[in-house]
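Participant: pasting the sequence and the predicted model now:
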Amino acid sequence: MTKRAGIIGWPVSHSLSPVLHGYWLEELGIDGEYTRLAARPDEFAATVARARSEGFAGLNVTVPHKEAAYKLARPRDAAAEICGAVNLLVFGDKGPQGRNTDYIGMQESLAESLGENALKGKTVLLLGAGGAARAAILALHELGVAQIHVLNRSQARAESLSNDMALKVKPRLVPGPLTGWASLAGTAGLLLNTTSAGMIGNDELVLDLSLLPREAAVCDIVYNPLETGLLKNAAKRGHRIIDGLGMLMHQAVPSFEAFFGVKPKVTPGLRAALVQDLHAR
Ligand code: ATR
């Protein structure tokens, strides 16, 4: 019987996940199907229930449903509890289990690009205070980072996120306004953008990167465009850059394994397929 899974979101037509999972299904010769389920917020619970009754193994969850998925899921894994967000629902006998694999995506992407121990004891400047920032903080905790400056346009949001996560992770969390970045830039081992600025159709972040130490890496979770203004600028100045595709590919590994029972590999071929899809849009 064909195994089924998918991604639920609103909008969801832009999602690269079907390309990603479709690539692995074909590569591994698995009889499976991965589809997009468009659901407005008021349709979320009913759409999840319908997918479950139709025999789906589970669903990935994207914007704006990650918090609704958190509320719906039982039990939830530790990462989901810490992040307050679920991006993977696995349908068991008792109901939808909730997991968070976004942080694994960020952790693996950074470790793959910089090395497993590269960020141990370092200071990170984290831009943003939404759900993606929470997953990033958990990833940085796993990578042994000592201190994270959580800088956000709305400082109040940076403060409430830092207060909320301070006791759950090891790195020291220091909240501040986005404008505070200039005076902190010289301390950074990594500049990590988790805001949606720089995404196609949004404003770019305008930062004076001359303040950043040359050995600092710059990572953006945005992958459309693949090279954001921030990354372009950083590359020009000789910084090591990490784009958003790494996180996207690596968060999908545990999802695919949960749905289809095989752990897939992140390869240059997969990346090429995603880049090709992005360019064809
Ligand atoms: P996600 O869950 O994907 O992180 P979110 O909760 O909507 O999404 O958060 C988006 C983040 O991008 C927020 O940190 C937001 O800042 P505010 O909290 O001040 O709104 C940030 N953001 C979005 N557009 C931005 C822009 N043009 N400049 C700076 N920050 C921006």
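Facilitator: That came through, no problem.
Participant: contacts only, for the residue of the stretch 101-250 of the chain found nearest the ligand.
Facilitator: The ligand sits closest to G130 of the stretch 101-250 of the chain, with a gap of 2.4 Å, by CB to the nearest ligand atom. To be clear about C-beta, it is placed using only N, CA and C from the backbone, and glycine gets the same treatment. Applying CB atoms under 8 Å, 6 or more residues apart in numbering to G130 gives the contacts 157, 194-196.
Participant: now these: which count as buried?
Facilitator: 157, 194-195 (16 or more other CB atoms under 10 Å).
Participant: out of these, which is nearest to Q147?
Facilitator: Q147 has its nearest neighbour among the buried ones among the contacts of G130 in T194, at 16.7 Å by CB to CB.
Participant: report the separation between the closest one and L119.
Facilitator: 15 Å (CB to CB, to the nearest Å).
Participant: my guess is A185 contacts T123, does it?
Facilitator: No: taking contacts as CB atoms under 8 Å, A185 lies outside contact range of T123: 10.5 Å.
Participant: wait, what's in contact with F44?
Facilitator: 8, 65, 68-69, 72.
Participant: same thing but 10 Å
Facilitator: When contacts are counted by CB atoms under 10 Å, 6 or more residues apart in numbering, F44 touches 8-10, 37, 61, 64-65, 68-69, 71-72.
Participant: just to revisit the earlier point, need the residues touching each of A185 and T123.
Facilitator: Residues touching both A185 and T123 (CB under 10 Å, 6+ apart): 149, 216.
Participant: just checking, S183 touches L211?
Facilitator: Yes: S183 is within contact range of L211, at 8.6 Å (criterion: CB atoms under 10 Å).
Participant: more crowded one of the two?
Facilitator: Neighbours around S183 and L211, counted as other CB atoms under 10 Å, are more numerous at L211. The numbers are 14 against 10.
Participant: and the residue nearest to the more buried one when sequence neighbours are not counted, how many residues sit next to it?
Facilitator: Nearest non-adjacent residue to L211, counting by CB to CB, 6 or more residues apart in numbering: A185, 3.6 Å away. For A185, the neighbour count with other CB under 10 Å is 19.
Participant: and A185, that's in a helix?
Facilitator: Yes: under DSSP: H, G, I helix; E, B strand; the rest coil, A185 sits within a helix.
Participant: center of this protein - which residue?
Facilitator: The C-alpha lying nearest the average C-alpha coordinate of the chain belongs to D102 (CA atoms, centre = their mean; 4.2 Å).
Participant: show me how the protein divides into domains.
Facilitator: By the assignment in automatic domain parsing, the chain contains the domains 3-100+252-280, 103-243.
Participant: turn those into JSON lines, columns for mean pLDDT.
Facilitator: Listed next are the domains of the chain as JSON lines, based on pLDDT from 0 to 100:
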{"stretch": "domain 3-100+252-280", "mean pLDDT": "97"}
{"stretch": "domain 103-243", "mean pLDDT": "97"}
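Participant: give me the buried positions along stretch 155-174.
Facilitator: Neighbour-count burial for stretch 155-174 [16+ other CB under 10 Å]: 155, 157-159, 161-162, 165, 169, 171, 173-174.
Participant: phi, psi for the closest residue to M199 other than its chain neighbours please.
Facilitator: Nearest residue to M199 in three dimensions, chain neighbours excluded: V222, at 4.8 Å (CB to CB, 6+ apart). The phi/psi pair for V222 (degrees, to the nearest 10) reads phi -70, psi 140.
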